[in-house]
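J.: give the three-dimensional model of this entry:
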Amino acid sequence: MTKFLKSAIAAFVLSAAPAAAEMELSLYVGVQSVQGGSGSGTFPGGAPVNRSFNWEGRPLENPYYYGGRAMWWTQKNLGFGIEGTHTKAYASDADLVAIGASSFELSDGHNIITANIMKRWPGAFGNQSFTPYVGAGAGVAIPHVDVTVNGASNRTFGYETTGPALRGIAGIKYDINERWALFSEYQFTWSDNDLTIDADPLVPGQLPGKISTEILTHAVNFGISYSF
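T.: Here you go, the predicted structure:
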């Protein structure tokens, strides 16, 4: 299987190379929110969790919301690349009281990693400096899970690969010169997450918990790009 995948990737690169026009690297920050959604499952020991969470994004608090992508644009203005976004999601104080936890957050990144396809339209407004674009991506969610259950001696604190993720983008870029550009965009991410909550090591035979939740974020991004 590994040999087949390597051959397929090599064939794609060789077939796409003649059409390559430029590589573009982009970094952005912004204002991100999280749409409320349900979560269900059990904490370690079997305590049930079934809650419509009022998630908070807190993009302007440390660790801050940010992201970056690398895109390979072809001569037909189609782009292929990869993107990573450090979104965040915190359960509200009311959520914590309801589920019996002192912390329930994906706060050192509800990290979304996707492979993207994008389309751009240079000069669409009759001005070559402005370029509108749209894009979509599919990948995985890799959040840093931080959960402390009331009464537990331990804290779940670490990165987990929790499920599939999708991304949508619509924006506009302004070229400062041939290399540098500024951009603004709307972006959403969706992910389906199965979070594992560690068992309390002081409780013999206790099984880990599992909470399933879908998380939808919305963001307005501002960034800078470099093309070469």
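
J.: elements contacting whichever strand or helix holds residue 174?
T.: For residue 174, the host element (DSSP states H and E) is strand 163-175. For strand 163-175, the packing partners by 3 or more CB pairs under 8 Å, 6 or more residues apart in numbering; DSSP states H and E come out as strand 101-120, strand 130-149, strand 180-197. Heads up, the C-betas are built off the backbone N, CA and C, glycines and all.

J.: quick check: angle from the shortest one to strand 163-175?
T.: Following axes from the mean of the first three to the mean of the last three CA atoms, to 10 degrees, one obtains 170 degrees for the angle between strand 180-197 and strand 163-175.

J.: what helices or strands is strand 180-197 leaning on?
T.: Counting by 3+ CB pairs under 8 Å, 6+ apart, the packing neighbours recorded for strand 180-197 are strand 20-35, strand 78-90, strand 101-120, strand 130-149, strand 163-175, strand 209-227.

J.: quick revisit: strands paired with the strand holding residue 174, and their directions?
T.: Sheet partners assigned to strand 163-175 using DSSP bridges are listed as strand 130-149 (antiparallel), strand 180-197 (antiparallel).

J.: and the contacts of that strand?
T.: 83, 85, 112-114, 116, 118, 120, 128-141, 181-194, 221, 225 (CB atoms under 8 Å, 6 or more residues apart in numbering).

J.: just to revisit the earlier point, which stretch among the strands paired with strand 163-175 comes nearest residue 30?
T.: strand 180-197 (7.8 Å; CB to CB).

J.: go through the closest one and flag the buried ones.
T.: 181, 183, 185, 187, 189-191, 193, 195-197 (16 or more other CB atoms under 10 Å).

J.: same question for stretch 36-44.
T.: Neighbour-count burial for stretch 36-44 [16+ other CB under 10 Å]: 37, 39, 41-44.
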